[in-house]
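[1] What follows is a predicted structure for the sequence shown.
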Amino acid sequence: MVYDSINLTYHGDFKGPGKEFKVSLSRGINKSEVVCVGSFNSTQLPFEDNNCSVSPTASHVTFYLWGLNENNTDIYFFQKEVMYPPPYTNEWDNGIIVHVKEPAWSIPEKKVNVHFSLSLLITLCGFIVYSFIITTAFIYIVRKGKRTKIQQSEYINVVTRRPKPPKSFASYAGTPANFNSR
């Protein structure tokens with residue numbers, strides 16, 4: 001977990017025409033682990049290394065370190081080397097102790113609920129199977145409908161059918177033939 005970032009500034013003479021400097025920041029009692037290193041000349045442009053940015057000026061050099069955790073607590077040493085013009089010179093400072101603490105506002109780590117994840121996975125798989133079945137049924141119905149559908153260009157002879165009248169057709173409102181009126 002990343003906790004902190006720091007700025008370490010070292011004052012000195014970093015000017016002069018044609019001079020080339022090499023600066024480095026090492027850690028440990030024996031100065032065995034180099035944290036950040038870089039070279040610059042009179043242009044004095046900032047440069048970056050792994051989790052480190054160096055900003056040189058004519059009067060000082062500032063190291064910006066980020067992504068530090070409790071394991072980075074150690075003694076840090078600054079080294080300045082004049083690479084050009086000769087003679088080569090090498091200067092070390094007395095060191096500074098950097099103590100990185102866990103912040104009070106640390107974000108609690110999220111715990112994954114296996115039961116919730118499993119139920120979510122089962123629900124998702126059920127939804128996918130359900131969607132597949134519905135899609136397959138829809139495609140089947142559409143294709144079946146296309147097979148039985150009559151095309152507009154297809155001619156069908158449609159003749160209306162009327163029922164044949166019975167052979168003996170009696171009149172509906174008929175009266176008997178021998179009807180006598182009184």
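    Structure's in. What do you need? Residues are numbered from 1 along each chain as shown.
[2] What count of nearby residues applies to S24?
    20 (other Cβ atoms under 10 Å). Using the backbone N, CA and C atoms, a C-beta is placed for each residue, glycine as well.
[3] ok, now F127?
    10.
[4] now it, what's its secondary structure?
    helix (DSSP: H, G, I helix; E, B strand; the rest coil).
[5] What of the one 5 residues further on?
    The assignment at F132 comes out as helix when based on three-state DSSP.
[6] Tell me which residues touch it, please.
    Counting by Cβ atoms under 8 Å, 6 or more residues apart in numbering, F132 touches no other residue.
[7] Do a quick rundown of the helices in the protein.
    According to DSSP state H, the chain carries its helices in the segments 114-148.
[8] helices or strands up against the helix or strand of it with the lowest mean pLDDT?
    For the chain, counting by mean pLDDT, DSSP states H and E, strand 47-49 ranks last in confidence among helices and strands (a mean of 73). Secondary-structure packing of strand 47-49 (3 or more Cβ pairs under 8 Å, 6 or more residues apart in numbering; DSSP states H and E): strand 33-40, strand 52-56.
[9] is it possible to export the ones you listed to TSV including distance to G95 and mean neighbour count?
    Formatted as TSV, the helices and strands packed on strand 47-49 follow (distance: least, Cβ to Cβ, whole Å; neighbours: other Cβ atoms under 10 Å):
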stretch	distance to G95	mean neighbour count
strand 33-40	13	17
strand 52-56	17	19
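[10] Rebuild those strands as a markdown table, extending it with distance to K19 and mean pLDDT.
    Formatted as a markdown table, these follow (distance: least, Cβ to Cβ, whole Å; pLDDT from 0 to 100):
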| stretch | distance to K19 | mean pLDDT |
| --- | --- | --- |
| strand 33-40 | 10 | 85 |
| strand 52-56 | 12 | 86 |
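[11] May I have the strands that pair with the least confident helix or strand of the chain, each with its orientation?
    Strand 47-49 pairs in its sheet with strand 52-56 (antiparallel), by DSSP bridges.
[12] by how many degrees do the partner strand and strand 33-40 diverge?
    40 degrees (axes from the mean of the first three to the mean of the last three Cα atoms, to 10 degrees).
[13] Show me what counts as buried in the least confident helix or strand of the chain.
    For strand 47-49, burial by neighbour count (16 or more other Cβ atoms under 10 Å) applies to D49.
[14] Compute the number of surrounding residues for V98.
    V98 has 17 nearby residues by other Cβ under 10 Å.
[15] Kindly report the same for Y130.
    Y130: 10 surrounding residues under other Cβ under 10 Å.
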